[in-house]
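Participant: what follows is a protein structure lacking sequence information:
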């Protein structure tokens with residue numbers, strides 16, 4: 001049940017390519033990589049993107065800073081793993097102006113997804129300018145640490161009965177930060193008393209915060225050990241997000 005009974009009609013899912021814009025060298029040429037819709041390597045989001053497309057949505061990206069104009073027509077806006085100086089010599093940090101623009105868009109009915117990382121691999125101070133708008137804070141810590149494959153179970157999270165996960169019963173999430181919440185935000189997934197996914201209703205819109213990039217191809221390609229269902233979780237999350245989109249009358 002990929003779409004949870006929900007079929008998108010002309011919904012645009014737009015992925016940020018501005019705050020995250022990592023580049024590496026391939027055959028002597030600089031090439032964008034990491035969390036891109038069309039990136040089929042382990043570091044890409046091609047599998048997650050396909051789940052949205054199977055539900056009838058259209059994929060797009062935003063290579064510039066968000067504005068009221070370029071967010072117009074966007075149903076779901078996803079920001080993942082904003083760059084640190086280690087990842088980009090001149091990172092585009094989220095500013096107060098950016099946060100204000102995005103918050104107004106959410107308040108009017110947009111669905112925002114924020115995916116962080118463990119604190120050593122994501123720029124949290126500026127990301128939290130945005131997260132704090134909705135009662136969320138990504139914390140400077142390390143949770144669900146997995147030393148190596150012999151400790152795989154340390155990254156396991158049981159999701160049976162969680163409203164976000166209609167089909168996935170057990171997922172894998174490795175080396176993440178925790179999320180603190182105050183109203184209007186609330187925890188949406190907790191392990192050992194630590195919030196790893198949070199959600200908020202904000203005006204007419206919805207915000208989902210996840211403590212890790214998580215749904216990239218390496219962990220959704222069906223190659224996890226038996227019993228882990230990140231591939232199903234990608235379907236579940238896509239369907240849930242699309243269901244939050246306010247239908248135009």
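Facilitator: Yep, it's here. What you see is a predicted model; the values in this text were computed from it and never measured.

Participant: return the distance of residue 189 relative to residue 168.
Facilitator: Computed as Cβ to Cβ, to the nearest Å, the residue 189 to residue 168 distance reads 11 Å. Using the backbone N, CA and C atoms, a C-beta is placed for each residue, glycine as well.

Participant: actually residue 95, not the one I wrote
Facilitator: 36 Å.

Participant: swap in residue 222?
Facilitator: 12 Å.

Participant: then residue 48?
Facilitator: Counting by Cβ to Cβ - residue 48 and residue 168 are separated by 13 Å.

Participant: where in this structure is the helix or strand with the lowest mean pLDDT?
Facilitator: strand 23-26 (a mean of 71; mean pLDDT, DSSP states H and E).

Participant: if we can go back for a sec, what do residue 189 and residue 168 both touch?
Facilitator: In terms of Cβ atoms under 8 Å, 6 or more residues apart in numbering, residue 189 and residue 168 are both contacted by the residues residue 159.

Participant: hmm, residue 46 and residue 40 touching each other?
Facilitator: Yes. With contacts counted by Cβ atoms under 8 Å, residue 40 reaches residue 46, the gap being 4.7 Å.

Participant: the two: which is more packed in?
Facilitator: Remark: of residue 40 and residue 46, residue 46 carries more neighbours, 17 against 12, as counted by other Cβ atoms under 10 Å.

Participant: residue contacts, that one?
Facilitator: Residue 46 touches 37, 38, 39, 40, 217, counting by Cβ under 8 Å, 6+ apart.

Participant: and the fourth one, what are its phi and psi?
Facilitator: Same thing as residue 40. Backbone torsions for residue 40, taken as degrees, to the nearest 10, come to phi -90, psi -10.

Participant: coming back round to it: now the common contact residues for residue 40 and residue 46.
Facilitator: Joint contacts of residue 40 and residue 46 (Cβ under 8 Å, 6+ apart) are residue 217.

Participant: picking up where we left off before, who's more crowded, residue 222 and residue 168?
Facilitator: A direct count of neighbours by other Cβ under 10 Å for residue 222 and residue 168 places residue 168 higher, at 22 against 11.

Participant: hmm, residue 239 and that one touching each other?
Facilitator: No. Using Cβ under 8 Å as the test, residue 168 is too far from residue 239 to be in contact (11.2 Å).

Participant: and the residue nearest to residue 94 when sequence neighbours are not counted, how far from residue 199?
Facilitator: Nearest in space to residue 94, with sequence neighbours left out and distances taken as Cβ to Cβ, 6 or more residues apart in numbering, is residue 126 at 4.4 Å. For residue 126, the distance to residue 199 (Cβ to Cβ) stands at 22 Å.

Participant: please consider this matter closed, and thank you.
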